[in-house]
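1. Below are the sequence and a predicted model; questions follow.
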Amino acid sequence: MKARVTGVVVVAVVAAGIVWFFGVGVALSLAVGGVFAAVGLTWTAVRDGPSLAWPVPPVRSAPGARRDLSEIAWTLRSHGGVPERALGRVRAVARHRLRTLHRLDLDDPDDRTAIETLLPPAVVAVLRSERRPELDLAAFGSVLTAVEALAPDTDRTATERQP
């Protein structure tokens, strides 16, 4: 860094000398040298200094969070049913909530009766199906509502808690 600053100062002095040699006054020559020094030192400081970009905070999103379900809702199409991507994300959210909140496994046949006490049997059938069922938006809305109901009361907003 010190060598670069020295190099910039030397170039500024040489530039001032060249301008003075060709007949420009001393004051203007010193001004030209000062401009060269200012631009060179600024360039050196910006190039070698730390990054001036704003740090990007990491996005923390737990699977099954309310934001996850709202993002799923935005991926829906108004025609042609529900895309597989949205249905896969709902399955992941349901698996996570059942595992963490109720200690149940969606894929375990022994847990199916316990899961059907928490979710309607039609919703469980959609969540357990291997191939994509042909769901319309109304049926998918009922699946979303049932999965969202698995969330604890602390995860809901104040307006949702009111009757």
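-> Arrived safely. Residues are numbered from 1 along each chain as shown.

2. residues near L28, how many?
-> Number of residues near L28 (other C-beta atoms under 10 Å) recorded here: 12. Glycine gets a C-beta too; all of them are placed from N, C-alpha and C.

3. Quick check: phi and psi at it.
-> Dihedral pair for L28: phi -70, psi -40, per degrees, to the nearest 10.

4. what's the nearest residue to it if we skip its chain neighbours?
-> Nearest residue to L28, sequence neighbours excluded (C-beta to C-beta, 6 or more residues apart in numbering): V19, at 7.2 Å.

5. and the one you found, what element?
-> helix 2-21 (DSSP states H and E).

6. where in this protein is pLDDT low?
-> For the chain, the stretches flagged by pLDDT under 70 are 1, 49, 52, 60-81, 131-133, 153-163.

7. residue nearest the centroid of it?
-> By C-alpha atoms, centre = their mean, the mean C-alpha position of the chain lies nearest to V59, the distance being 5.2 Å.

8. helices or strands up against the helix holding V19?
-> If contacts are counted by 3 or more C-beta pairs under 8 Å, 6 or more residues apart in numbering; DSSP states H and E, helix 2-21 sits against helix 26-48.

9. Please give the centre-to-centre distance between the helix it packs on and its chain.
-> 41 Å (C-alpha atoms, centre = their mean, to the nearest Å).

10. What of stretch 82-92?
-> In this view, stretch 82-92 has its centroid 20 Å away from the chain centroid, taken as C-alpha atoms, centre = their mean.
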